[in-house]
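Colleague: Next input, structure requested:
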Amino acid sequence: MLPSMRLLRANVDYAALNAQLAPLALADFLRWSTITFGERLVQVTSFGPTGVVILDHLVKINPDVAVTTIDTGFLFPETYALWETVERRYDIRLTVIRPELTPQEQERFVGPMLWELEPDVCCHERKVKPMAAAVAGQHAWITGLRRDQSGARSQTPLVAWDARYELFKLSPLANWSKDEVWSYIRAHDLPYNVLHDRGYSSIGCTHCTRLPASAEDERSGRWQGRMKTECGLHLPARPFASCQG
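Modeller: Residues are numbered from 1 along each chain as shown. Predicted structure coming up:
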């Protein structure tokens, strides 16, 4: 029998749990997630292909599931358009979390082009810190990570403990491939960001998203020219000075 929430928090054998969950189909994994975490489960999505595939399954299992997005203030117009399409298609209203500073305030208090001068700090202020509000009061959050997205994500487990935000982190599509995701999208006519049709493989903020440098690395278009492939949400916590000084 799969473990309940009371058994998960402390002294859990994550290797055994992941092995137990690995054979489950996506719908069954999400069903287990909703039973285990109940109303304390949230999907946090930036409307990537994996996020939409998960949402398509999740709303069929629990139409009232909490779905949250972080609006950094620097998203592409095409991303905002997809956001509206997703809400209409699934008849849901997403919870929106925004950074403490607007883009204009960030420029005023910190200076222009923080994304260029201090990209880690910019990501911390516009993604990592707002994420705390996105998952506040929750027991688990659902992410769209896949192992084949990049080398940094190649060991992504289905279930892990997120020490930064102190809740469980679920990656139900960890073992799906890019082709499997897009096959599902096409087979079920799911909405997706039209920037993918223009060659973009991973889409974030406008300042830090380019066409991929390598067809083998989906995230090679993010923060090009830097030793950086993650915004920080999926990295171990480390101290940062506030961009407000």
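Colleague: Correct me if wrong: residue 32 contacts residue 24.
Modeller: Yes: in this structure, residue 32 is within contact of residue 24 by C-beta atoms under 8 Å, at 6.8 Å. All C-beta atoms are positioned from the backbone trio N, CA, C, and that covers glycine.
Colleague: who has more neighbours, the two?
Modeller: For residue 32 and residue 24, the more surrounded residue by other C-beta atoms under 10 Å is residue 32, and the numbers stand at 18 against 15.
Colleague: Spatially, which residue comes closest to residue 46, not counting chain neighbours?
Modeller: Setting aside the residues directly before and after it, residue 46 is nearest to residue 69 in space (C-beta to C-beta, 6 or more residues apart in numbering), at 6.4 Å.
Colleague: ok, now how distant is that neighbour from residue 110?
Modeller: The gap separating residue 69 from residue 110 is 24 Å, by C-beta to C-beta, to the nearest Å.
Colleague: Pretty sure residue 144 sits against residue 47.
Modeller: No: at 9.4 Å, residue 144 does not count as touching residue 47 under the criterion of C-beta under 8 Å.
Colleague: Would you state the strands of this protein in chain order?
Modeller: Assigned strands in the chain, in chain order: 41-44, 66-70, 95-97, 140-142, 159-162, 167-170 (criterion: DSSP state E).
Colleague: Direction included, what does the fourth one pair up with?
Modeller: For strand 140-142, the paired strands and their directions (DSSP bridges) are strand 41-44 (parallel), strand 167-170 (parallel).
Colleague: In a markdown table, list the ones you listed along with mean pLDDT and distance to residue 99.
Modeller: Output for the strands paired with strand 140-142, formatted as a markdown table (pLDDT from 0 to 100; distance: least, C-beta to C-beta, whole Å):
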| stretch | mean pLDDT | distance to residue 99 |
| --- | --- | --- |
| strand 41-44 | 97 | 15 |
| strand 167-170 | 94 | 21 |
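Colleague: Dump the ones you listed into TSV; add mean neighbour count and distance to residue 160 as well.
Modeller: As requested, these are exported to TSV (neighbours: other C-beta atoms under 10 Å; distance: least, C-beta to C-beta, whole Å):
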stretch	mean neighbour count	distance to residue 160
strand 41-44	23	15
strand 167-170	24	5
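Colleague: Select, out of those, the one closest to residue 211.
Modeller: Closest approach to residue 211 among those is made by strand 41-44 (25.8 Å; C-beta to C-beta).
Colleague: Residue 120 versus residue 66, what's the distance?
Modeller: For residue 66, the distance to residue 120 under the criterion C-beta to C-beta works out to 29 Å.
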